[in-house]
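Participant: Provided below for reference: sequence and predicted model.
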Amino acid sequence: MDNIILQWKMFFEKGIVPDHFLVLIIFVLGVVIILNLFDAKKDANKVDTKSEDELDKTPVQKDETPSLTVVEEAPPSDEKPALAVAPKVSWEKRLFKGLSKTRSEVWGKIGSIIKGSSIDDDMIEELEEVLYTADMSPAIVAELLEQLQEKAADIKEGGDHLGFIKEFMKSKMDASQATVNKDLYTFDPSKPELKVIMIVGVNGAGKTTTIGKLATKLKSQGAKVVVGACDTFRAAAVEQLEVWCNRAEVEIVKAEEGANPTGVAFDAVAKAKELNANYCIIDTAGRLHTKSNLMDELVKTKRVMSKVIPDAPHETLLVLDAITGQNALRQAEEFNKALDLSGLIFTKCDGSSKAGSAVGIVESLNVPIVYIGVG
């Protein structure tokens, strides 16, 4: 034993480690590592076992909801849902509500000015201001006020001055309004012949929305409708019209963006004729009435449809924004000169009380209003 110790002492003094000593050290380290790993695994198993035991012993609260539950469908109930569907409002009520601004800001003001008063200079001046604010033409305003003063003696004190003003305006439009061809807007199954309607107007007047409404109306009456998407200029115009046609469940004829609009119009009328449709509505790109080249394109589009049906289009309707004012008269004059309009559509009548220009346009052009748009 003493010899072994002396040998070890000699090895260490000389800085030499024997081979069997290195083997011993490696063996001891391996045993220590294995024992540590075994103890760590054993501790983990104890923790997991304890957790499971604790979970098993923990009572489940009655109001707790499991992470995954099977919900049985409740039986049908007669009770109404919390958010009930609003009742459908008739178009008369919607129209009445849509024209509230005109009713209050024009007729309401006129009524408050002349109610219970005799006609005098101050009243005439106030009436003139209200009528001009409503965008009535100067010529019609002057004629109205002149007749009101002349017949003031015939109208009793506190009489129906307001009724006189309404009748005056109505008389300016009666002759033209009597020419509206109602057969083109109310489908009659006994007259199934194809009717072509061309829609024109300046940018942003509401042509596409109007076509969607008109197509929906005619479809609901049982008519078969085809729509021609001839606005190939404005970005997404065809897609917008297609959404309306899908809602109305009517056929649409379209082409790629930038395609010749006259060709699309020809194809639309031909398709409508092939399908034995009752109506073919032609959408056109918005354009300023001052652009002669664009107006000429409209004339060409209208002319090409007659190659399919000799008297097509049967109606050419100009869409006008109700808030345009007196400039609408100029628009109507130019479109009428180029296309020989058969009707007018005033849109956005619920957004303004400034549609007084309609009276002058109808009288001067002898073209009736066939529709008004509210919303």
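Facilitator: Happy to help now that I have it. Every value quoted in this text rests on a predicted model; they were computed, and no experiment measured them.

Participant: hang on, residue 365 packs against residue 332?
Facilitator: Yes. When contacts are counted by Cβ atoms under 8 Å, residue 365 is listed as touching residue 332 (5.8 Å). (Each C-beta comes from the backbone N, C-alpha and C, glycine too.)

Participant: Show me which of those two is the more surrounded one.
Facilitator: Shown here are residue 365 and residue 332; by other Cβ atoms under 10 Å, residue 332 has more neighbours (25 against 18).

Participant: Could you give the secondary structure assignment for that one?
Facilitator: Per DSSP: H, G, I helix; E, B strand; the rest coil, the local secondary structure of residue 332 is helix.

Participant: So it sits against residue 361, correct?
Facilitator: Yes. Using Cβ under 8 Å, residue 332 is in contact with residue 361, at 4.9 Å.

Participant: Need the overlap of contacts for those two.
Facilitator: 320, 344, 367 (Cβ atoms under 8 Å, 6 or more residues apart in numbering).

Participant: For residue 251, which residues are in contact?
Facilitator: Residue 251 is in contact with 224, 225, 226, 227, 245, 271, 272, 275, 277, counting by Cβ under 8 Å, 6+ apart.

Participant: What pLDDT is listed against the second one?
Facilitator: At residue 225, the predicted lDDT confidence score is 96.

Participant: what's near enough to touch the most centrally placed residue in the chain?
Facilitator: Centroid-nearest residue in the chain, with Cα atoms, centre = their mean: residue 209, separated by 7.2 Å. Applying Cβ under 8 Å, 6+ apart to residue 209 gives the contacts 244, 347, 373.

Participant: Pull the number of nearby residues for residue 133.
Facilitator: Residue 133: 14 surrounding residues under other Cβ under 10 Å.

Participant: my read: it touches residue 354, true?
Facilitator: Yes. Using Cβ under 8 Å, residue 133 makes contact with residue 354 at a distance of 7.5 Å.

Participant: The nearest residue to residue 179 once chain neighbours are set aside: how many residues sit nearby?
Facilitator: Nearest residue to residue 179, sequence neighbours excluded (Cβ to Cβ, 6 or more residues apart in numbering): residue 368, at 5.5 Å. Applying other Cβ under 10 Å, we find 19 residues neighbouring residue 368.

Participant: Same check on the one 4 residues further on?
Facilitator: Around residue 372 there are 18 other residues, counting by other Cβ under 10 Å.

Participant: For residue 210, see how far away residue 199 is.
Facilitator: Distance of residue 199 to residue 210, computed by Cβ to Cβ, to the nearest Å: 7 Å.

Participant: likewise residue 101?
Facilitator: Distance from residue 101 to residue 210, counting by Cβ to Cβ: 20 Å.

Participant: Using the three-state scheme, assign residue 337.
Facilitator: helix.

Participant: brain fart, residue 318
Facilitator: Going by three-state DSSP: residue 318 is strand.

Participant: Pairing partners for it in the sheet, please.
Facilitator: Going by DSSP bridges, residue 318 is paired in beta bridges with residue 200, residue 344.

Participant: What's the local residue count around it?
Facilitator: Residues near residue 318, counting by other Cβ under 10 Å: 29.

Participant: Report how many residues lie close to residue 217.
Facilitator: Neighbour tally, residue 217, other Cβ under 10 Å: 17.

Participant: Show me the shaky parts of this structure.
Facilitator: Applying pLDDT under 70 to the chain flags residues 1-87, 115-118, 152-159, 352-353.

Participant: And the helices in it?
Facilitator: 2-13, 19-57, 91-98, 100-102, 109-114, 121-133, 138-150, 161-177, 207-220, 237-248, 261-274, 292-305, 327-339, 357-365 (DSSP state H).

Participant: For those helices, give me CSV that also has distance to residue 285.
Facilitator: Output for the helices of the chain, formatted as CSV (distance: least, Cβ to Cβ, whole Å):
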stretch, distance to residue 285
helix 2-13, 103
helix 19-57, 71
helix 91-98, 27
helix 100-102, 30
helix 109-114, 39
helix 121-133, 33
helix 138-150, 33
helix 161-177, 28
helix 207-220, 9
helix 237-248, 7
helix 261-274, 7
helix 292-305, 8
helix 327-339, 14
helix 357-365, 22
